[in-house]
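Novice: my questions are about this predicted structure, shown below with the sequence.
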Amino acid sequence: MKVQPDLEFIKSLKLAGGDTLKKCYQCATCSVACPLSSDQKPFPRKEMIWSQWGMKENLIADPDVFLCHQCGDCTEKCPRGAKPGEVLGAIRSYAYTYYGWPAGLAKLATSAKNLPMLIGVPALIILIFWFLSGAMHIPSVEEFAKKGYTNFFGHWDFKWYAKNIFFIVAFMVPAAGIAAFSIYKGITKMWASMSKNAGIEPTFRPSVMQFLTQFLVPSVTETLQHKRFKECTTNVDRVKGHLPLVFAFIGLFIVTCWSLFKQDVLGLIWPSLHGPLPLIDPFKLLANASAIALLYGIWVLWTNRTAMEAKGKSSRTFYDWFLIWEIMAVGVTGFGAELLRWAGLPTFGYIVYFMHLVSVMMLFLYLPYTKFAHIVYRTTAMCFEKYRESGFAKNVMS
Amino acid sequence: MTDEQGTAGAVLVVGGGISGLTAALETAEVGNDVFLVEKSPTFGGRVAQLNEYFPKMCPPSCGLEINFRRIRDNRKIRTYSMTTVKAVSGGPGNYEVTLEVAPRYVNSNCTACGDCAVACPDEIDNEFNFGMGKTKAAYLPHAMAFPRRYVINKDALSAAGAEAVKAACKYDAVDLEMKTETITIKVGAIIWATGWVPYDATKMENLKFGQSDAIITNMMLERMAAPSGPTGGKIVRPGDNKEIESIGFVQCAGSRDENHLEYCSHICCMATFKQMTYVREQYPDAKIYVFYIDLRTPGKYEKFREERMADANATFIKGKVAEIVPEADGGVTLIAENAVTMEKLSQKVDMAVLATGMQPSLAFQGAPVALEMDANGFVITDAAKAMIAAGCAKKAADVVTTTQNSTAAALKAIQVSRR
């Protein structure tokens, strides 16, 4: 076998938290320590030597890289301090950038140096929309108490579509759209590479229904239960942060959908449904419970990571922290805006609400390039893992 | 005979294993006075515990015996067993060393007739055999003990036992009133040949040592294979004495691991190849599995490795055992990833041998004086201070290397003493 090491790739792994990768001497302790490593396809030993040899093509299409939860069991047992868990994290970080579209934006989201741009551009866009909307004023205390943030972008009399919603949709949907398209391109490319590397030349493709029931639903169910995550021993505490976070996002997704449906569909029939939800509304309760779960979850992960870094068990990387910061920002500004509404402080409330919009837009826009991308890439890898073992991966003609 | 108080040219050798014996002899045969002290009741150290040793697969009697004879015949060497260094003062060329001699409870009248052991009703764990089997509380440390004199573990002796032991001795050699003695000597240089201890296997939690009789260490296998050992030389599974149909060697058990011993212990690969021959002699058809990271055969031993690897019933797996699971039938399952086939395998065996490494004794028990040491507790020679490292106190090494560097240490000590 001829190996042409990709030196740039090795260098980028080292920068992204995999600086210890060259310490590995292939004893394979990690593959046994890892609770997720299977007998037929053990990891992360092979990923370590592929990294040392700069074998990028193998790594970015290796489902095992994405199955890893970075629980740290391998790093704990490693006799050389090579930190395989951190190296796999660095490979994932590289892969998200590699699959990301547009490439410039993907690259931008990899470095703390670009933070002014990363924050500034969404902030500027939202500010421009605010000017365009012509609302541009801070409401009186009475008005604020009645309307909350629902007139942030102003109000018009066209009853079929609220002005506020129009403007929010005007920047959030394109942001989410870019992310969705980027992810679509990414996972398609990844699936093809994974199939090619696994030597799969299928005779039949699964139908959409078959794909859903046999691969996607079982994978998502597993994720919701955190079944694999809980198998970690060294750092199982992270489950305590990650699980509330997952449910918080699901809760907030439900609330957002309901709110949209209520205001834009039901609101057309019963105009009284516009305006902030009362506190005792079940959806408001869900929203607040989710917000608290989100803040709690991200706080656990924040402190956990700080502690791991203090112990030298993980490296401090932008890749890991950017997502923690983003989610913390979304949680703090969202909850803060609500508290300020209750406190009746319109100016301060509007500023925090503006920051909330910026952080939510960042979360959507950068999803495919940051650690957040794991929700799609890991799910894809979990599906592939099941697909690989299924009858669909067999070539019945040969 | 050497002046009890020592002279400026005298050399103290701490440790009476193969390194200490060599260093003492080489120094004394050049003409310097030597004090040779040993903590245990007998000289010979780790080599005495081996069944066979490199380079020629000799039993330890070959090699140790000639050295013991040279020591006995050399009037320049004074030997002290059961003796430790308590304090060192002064400077190079003029050290004053306080030695503490622990009571043996047997005086020089002893002829090693063994009547006391026969009469003694009390038993203790056999330390020489790493706790495999028992010995009487009045005992000869091992078959070729030097000095050839019994020793009594007074703490383990019952009142009846004390009476029985005293009554049994025809030579009035038992003296249970013996006290700890302190001796002060003057020396010019000190050679530290304090050797090594097998790394504590219970520290590798994933290897489950102590949780199954089927898990033993390489040094335990040496004792078991030795004719003077706990099983009379028969390799069987401790506990149920099952004959071995399959055996797994777990290389680098604690060595090359920054969580344990970060260095390569140098001898464990060769020890395993050697022990494969013990197993093969007794069990021509037993399956042998060797789990390794790299196979290191220093020096001229490459051929030795090739011969062992040609064994049709031996399998070599490139992958460190990272987990051992004790099984209900008394065996164990070894789990590792084979890095060559990229598969994780679980190999059930009757017995697992942990190739535990060497930890310098001083790292384990601490040095009596401030010595220059590396991060792992190996002594670094400081010629200016006349503190010289030898043998495995200096680095993990085999017997050949050890005797070579002990000769070098002797030369350094002589040079210092003649400044």
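Specialist: Received, thanks.

Novice: buried sites along the helix or strand bottoming out on mean pLDDT in chain A?
Specialist: When the helices and strands of chain A are scored by mean pLDDT, DSSP states H and E, helix A:267-269 comes last with a mean of 78. For helix A:267-269, the buried set under the neighbour-count rule, 16 or more other C-beta atoms under 10 Å in any protein chain shown, comprises A:Gly267. Bear in mind the C-beta positions are built from the backbone N, C-alpha and C, glycine included.

Novice: and if you look at stretch B:325-335?
Specialist: Buried residues in stretch B:325-335, counted by 16+ other C-beta under 10 Å: B:326, B:331-335.

Novice: do you know how far B:Val34 is from A:Leu67?
Specialist: As for B:Val34, its distance to A:Leu67 is 64 Å (criterion: C-beta to C-beta, to the nearest Å).

Novice: er, B:Gln282 actually
Specialist: Computed with C-beta to C-beta, the distance linking B:Gln282 and A:Leu67 is 46 Å.

Novice: same question for A:Lys14.
Specialist: With the distance defined as C-beta to C-beta, A:Lys14 ends up 23 Å from A:Leu67.

Novice: what about A:Leu243, how many residues nearby?
Specialist: Other residues near A:Leu243 come to 18 when the count uses other C-beta atoms under 10 Å in any protein chain shown.

Novice: excluding chain neighbours, what is closest to it?
Specialist: Computed as C-beta to C-beta, 6 or more residues apart in numbering or on different chains, the closest residue to A:Leu243 that is not its neighbour in sequence is A:His226, at 5.4 Å.

Novice: do you know how far that neighbour is from B:Gly331?
Specialist: With C-beta to C-beta as the criterion, A:His226 and B:Gly331 are 35 Å apart.

Novice: for B:Ala214, see how far away B:Cys325 is.
Specialist: If you look again at residue B:325, you'll see it is Val, not Cys. Taken as C-beta to C-beta, the span from B:Val325 to B:Ala214 is 11 Å.

Novice: what do the two both touch?
Specialist: Taking C-beta atoms under 8 Å, 6 or more residues apart in numbering or on different chains as the contact rule, the neighbours common to B:Val325 and B:Ala214 are B:Val332.

Novice: count the residues that sit near the residue nearest to A:Leu243.
Specialist: Neighbour tally, A:His226, other C-beta under 10 Å: 17.

Novice: could you do the one 4 residues further on as well?
Specialist: For A:Lys230, the tally of surrounding residues (other C-beta under 10 Å) stands at 14.

Novice: what is the burial count for the nearest residue to it once chain neighbours are set aside?
Specialist: Excluding the flanking residues, the one nearest A:Lys230 by C-beta to C-beta, 6+ apart is A:Val239, at 5.6 Å. By the other C-beta under 10 Å criterion, the neighbourhood of A:Val239 contains 17 residues.

Novice: surely A:Val239 meets A:His226?
Specialist: Yes: using C-beta atoms under 8 Å, A:Val239 and A:His226 qualify as a contacting pair, with a distance of 5.5 Å.

Novice: how near is B:Lys320 to B:Leu207?
Specialist: Counting by C-beta to C-beta, the gap from B:Lys320 to B:Leu207 is 10 Å.

Novice: so what sits against both of those two?
Specialist: Jointly contacting B:Lys320 and B:Leu207 under the rule C-beta under 8 Å, 6+ apart are B:Val250.

Novice: of those two, which one has the most company?
Specialist: In this view B:Lys320 and B:Leu207 are compared by other C-beta under 10 Å, and B:Lys320 has more residues nearby, 26 against 23.

Novice: pretty sure A:His155 contacts A:Asn164?
Specialist: Yes: with contact taken as C-beta under 8 Å, A:His155 and A:Asn164 are classed as touching, separated by 7.2 Å.

Novice: more neighbours, the two?
Specialist: When A:His155 and A:Asn164 are compared on other C-beta under 10 Å, the one with more neighbours turns out to be A:Asn164, at 21 against 15.

Novice: so that one, which of the three states?
Specialist: Of the three states, A:Asn164 takes helix under DSSP: H, G, I helix; E, B strand; the rest coil.

Novice: so what's the gap between the host helix or strand of A:Phe167 and the chain middle?
Specialist: Assigning secondary structure by DSSP states H and E places A:Phe167 in helix A:163-197. Averaging C-alpha positions (C-alpha atoms, centre = their mean, to the nearest Å) puts helix A:163-197 12 Å from its chain's average.

Novice: can you name the element that comes right after it?
Specialist: The helix or strand immediately downstream of helix A:163-197 is helix A:208-211, counting by DSSP H and E.

Novice: just the mean pLDDT for that next one, thanks.
Specialist: Along helix A:208-211, the predicted local confidence has a mean pLDDT of 93.

Novice: following that helix, which helix or strand comes up?
Specialist: The first helix or strand that comes after helix A:208-211 along the chain, using DSSP H and E, is helix A:217-225.

Novice: same for that following helix, what does it pack against?
Specialist: Contacting helix A:217-225 under the criterion 3 or more C-beta pairs under 8 Å, 6 or more residues apart in numbering or on different chains; DSSP states H and E are the following elements: helix A:374-389.

Novice: any idea of the angle the helix it packs on forms with helix A:217-225?
Specialist: Taking axes from the mean of the first three to the mean of the last three C-alpha atoms, to 10 degrees, one finds helix A:374-389 and helix A:217-225 inclined to each other by 140 degrees.

Novice: flag every buried residue along helix A:374-389.
Specialist: For helix A:374-389, burial by neighbour count (16+ other C-beta under 10 Å) applies to A:374, A:376-388.

Novice: one more: stretch B:196-215?
Specialist: Of the residues in stretch B:196-215, B:196-199, B:201, B:204, B:207-209, B:212-215 count as buried by neighbour count, 16+ other C-beta under 10 Å.

Novice: which of these lies closest to chain A?
Specialist: Distance to chain A, by C-beta to the nearest C-beta, is smallest for B:Met204 among the buried residues of stretch B:196-215, at 10.2 Å.

Novice: what's the nearest residue to the closest one once chain neighbours are set aside in contact with, if anything?
Specialist: Leaving out its chain neighbours, the residue that sits closest to B:Met204 by C-beta to C-beta, 6+ apart is B:Gly254, at 5.5 Å. Listed by C-beta under 8 Å, 6+ apart, the contact partners of B:Gly254 are B:199, B:201, B:203-204, B:260-261, B:354, B:356-357.

Novice: redo that, cut-off 7 Å
Specialist: Remark: with contacts taken as C-beta atoms under 7 Å, 6 or more residues apart in numbering or on different chains, B:Gly254 is in contact with B:199, B:203-204, B:260-261, B:356-357.

Novice: near chain B, which residues of the stretch 1-150 of chain A show up?
Specialist: When proximity is defined by C-beta under 7 Å from any C-beta of the partner chain, the stretch 1-150 of chain A lies next to chain B at A:25-29, A:31-33, A:37, A:39-40, A:42, A:45-46, A:77, A:79-81.
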